[in-house]
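>>> Whatever this is, show me its structure:
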Amino acid sequence: IAAARDQFEKAKNQYLITLRELRLQAATAYFLLQNADDQVRIGKSAVQSSSVNLRDARARLQAGVATKLDVMEAETQLARDQQKLTQGLLQQSVTRRDLARLLDLPQNITPTAADPSTLLGVWQPSLQESIVAAYAFREELSNLILDVSIANSNANSALGNVQPFLSIFSTSGWDKTFGEANVDGPANMGLVVEQLRETVGLNLKWNIFDGGRSAAQARQQRQLATENTYKFSSQRDAIRYEVEQAYFSLQAQIRNLITTSRQVLSTRESLRLARLRFQAGVGTQRNVVDSQRDATTAEVEYSNAIGRYNTNVAQLQRRTGLDRVLRCTPAQLPTKPTRDPITDVPVIPVPTNSPCLIQAAPK
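Numbers count the residues shown, from 1 in each chain. Presented below is the predicted three-dimensional model:
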């Protein structure tokens, strides 16, 4: 009975584990869909910009102030951007169907992202708080404790096979008959007969010798309990590693968000200057093409950093069971970057800035 009860509790825990993993998979798939939408948006913007560059290059060629090489470089860049847009559309379609498969939606329904890719917020708990919360939250540890209890109960049950089994039984019966049967002459219908029966007994069953089978089964279950004890320690270390990995990855993504946002601003300014130089006749189409490619790459890296950041936050929520995420507004990237003096940026071990402007969550 004890083993069956523990098996039932273990089944309930396994249901919770599967449900939470499914929620994490759905959140990850949604972040991938948001990232795919960003790739399509960036690809369309790049194609539009390349089309304008090609139009200007052809116009300058007709005016005699550009060469055929400038036009071919613009055409090459447009082909690259069209290919990137095609890959983005492919990724968008695949991620949509992957999310539909995960959510078990009908075949005629295709999910779309309701909101653009943005930061979920700032993870408030420290690393140690996250680890302690994970120890108390994860049902995997509870299941291993139940496995130890189940093995010990099975060991006791195995030993019971060679122990004396005493049973007490009792049977009762009562019947009442009216009249007579199987008599010569008229029956006396007024005759009433009542009978009461009571039987009490004892049964003793004792399997004195079974070749050591029950003892061997008991030892096996005891060893299994010891094995599950070691698995508990191993699982606890694995949970700590998962939390640490997600936490350190989140810190790295914070730094990536800061650096990629700076990269987006600088590449946008470089593209603007390259176009001005080309229009003034002191630059080349190659400079414009290279600057545009760098700007597109920076936009893609910034979008990927947001997706990875949100995925790490979702993983920490799943691993720890905490929901202490402070809402924030991501820093806006203006069209023209602010002009900051050039300084040497050292490589720091931990981030000192926040990836977004923190604001208090509404009560």
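>>> buried residues in the helix or strand where residue 303 lies?
Using DSSP states H and E, residue 303 maps to helix 285-320. Of all the residues in helix 285-320, those buried under the rule 16 or more other Cβ atoms under 10 Å are 285, 287-320. For glycine as for every other residue, the C-beta is placed from the backbone atoms N, C-alpha and C.
>>> who's in contact with residue 37?
92, 113, 116, 117 (Cβ atoms under 8 Å, 6 or more residues apart in numbering).
>>> Kindly recompute the last result at 10 Å.
Residues in contact with residue 37 (Cβ atoms under 10 Å, 6 or more residues apart in numbering) are 88, 91, 92, 95, 96, 112, 113, 115, 116, 117, 303.
>>> ok, now residue 319?
20, 24, 130-131, 133-134, 137-138, 239-240, 242-247.
>>> could you pull out the helices for the stretch 51-200 of the chain?
68-103, 127-137, 139-159 (DSSP state H, counting those that start in this stretch).
>>> got it, and the stretch 201-350 of the chain?
213-280, 285-320.
>>> possible to save these as JSON lines with distance to residue 29 and mean pLDDT?
Output for those, formatted as JSON lines (distance: least, Cβ to Cβ, whole Å; pLDDT from 0 to 100):
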{"stretch": "helix 213-280", "distance to residue 29": "18", "mean pLDDT": "89"}
{"stretch": "helix 285-320", "distance to residue 29": "10", "mean pLDDT": "90"}
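>>> right, and those - which one's nearest residue 71?
helix 285-320 (7.9 Å; Cβ to Cβ).
>>> The spatially closest residue to residue 264 that is not a sequence neighbour and residue 209, how far apart?
Sequence neighbours aside, residue 298 is the residue nearest to residue 264 in space, at 4.6 Å (criterion: Cβ to Cβ, 6 or more residues apart in numbering). Distance of residue 298 to residue 209, computed by Cβ to Cβ, to the nearest Å: 81 Å.
>>> ditto for residue 104
57 Å.
>>> Can you pull out the low-pLDDT segments for the chain?
182, 184-185, 187-189, 329-363 (pLDDT under 70).
>>> Contact partners for residue 4?
Residue 4 touches 150, 153, counting by Cβ under 10 Å, 6+ apart.
>>> does it sit in a helix or strand, and which one?
With DSSP H and E as the criterion, residue 4 is inside helix 2-63.
>>> Could you check the angle that helix makes with helix 285-320?
170 degrees (axes from the mean of the first three to the mean of the last three Cα atoms, to 10 degrees).
>>> quick check, distance from helix 2-63 to the centre of its chain.
Here helix 2-63 shows a centroid-to-chain-centroid distance of 13 Å under the convention Cα atoms, centre = their mean, to the nearest Å.
>>> Could you do stretch 166-178 as well?
For stretch 166-178, the distance to the chain centre is 63 Å (Cα atoms, centre = their mean).
>>> With stretch 100-120 instead?
The answer for stretch 100-120 is 15 Å, by Cα atoms, centre = their mean.
>>> Tell me the buried residues in it?
For stretch 100-120, burial by neighbour count (16+ other Cβ under 10 Å) applies to 100, 111, 113, 117, 119, 120.
>>> Give me the distance between the residue nearest to residue 225 when sequence neighbours are not counted and residue 226.
Residue nearest to residue 225 in three dimensions, not counting chain neighbours: residue 151, with 3.8 Å by Cβ to Cβ, 6+ apart. Computed as Cβ to Cβ, the residue 151 to residue 226 distance reads 9 Å.
>>> So if I had to pick from the two, which one is more boxed in?
Legend: neighbour count by other Cβ atoms under 10 Å for residue 151 and residue 226, higher for residue 151 (21 against 12).
>>> Run a quick check on the more buried one versus residue 145, I expect a contact.
No. Using Cβ atoms under 10 Å, residue 151 is not in contact with residue 145; the gap is 11.0 Å.
>>> who's in contact with the closest residue to residue 273 other than its chain neighbours?
Spatial nearest neighbour of residue 273, chain neighbours left out: residue 291 (7.8 Å); criterion: Cβ to Cβ, 6+ apart. Residue 291 is in contact with 267, 268, 269, 270, 271, 272, 273, 274, 275, 277, 278, 283, counting by Cβ under 10 Å, 6+ apart.
>>> which residues sit in contact with residue 107?
With Cβ under 10 Å, 6+ apart, residue 107 has these contacts: 97, 100.
>>> Quick check: it vs residue 25, distance?
20 Å.
>>> Kindly report the same for residue 34.
Distance, residue 34 to residue 25, by Cβ to Cβ: 15 Å.
>>> between those two, which one's more packed in?
residue 34 (21 against 16).
>>> I'd guessed the more buried one sits against residue 309; true?
No. Using Cβ under 10 Å, residue 34 is not in contact with residue 309; the gap is 11.7 Å.
>>> any residues in contact with both of those two?
Shared contacts of residue 34 and residue 309 (Cβ under 10 Å, 6+ apart): residue 117.
>>> what would the helices of the stretch 201-350 of the chain look like in TSV with distance to residue 179?
Listed next are the helices of the stretch 201-350 of the chain as TSV, based on distance: least, Cβ to Cβ, whole Å:
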stretch	distance to residue 179
helix 213-280	58
helix 285-320	79
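>>> Out of those, which gets nearest to residue 66?
Residue 66 sits nearest to helix 285-320 of all the helices of the stretch 201-350 of the chain, at 7.3 Å, using Cβ to Cβ.
>>> Roughly how far does the residue lying closest to residue 302 once chain neighbours are set aside sit from residue 37?
Distances taken as Cβ to Cβ, 6+ apart put residue 260 closest to residue 302, at 4.2 Å, once the chain neighbours are dropped. Distance, residue 260 to residue 37, using Cβ to Cβ: 18 Å.
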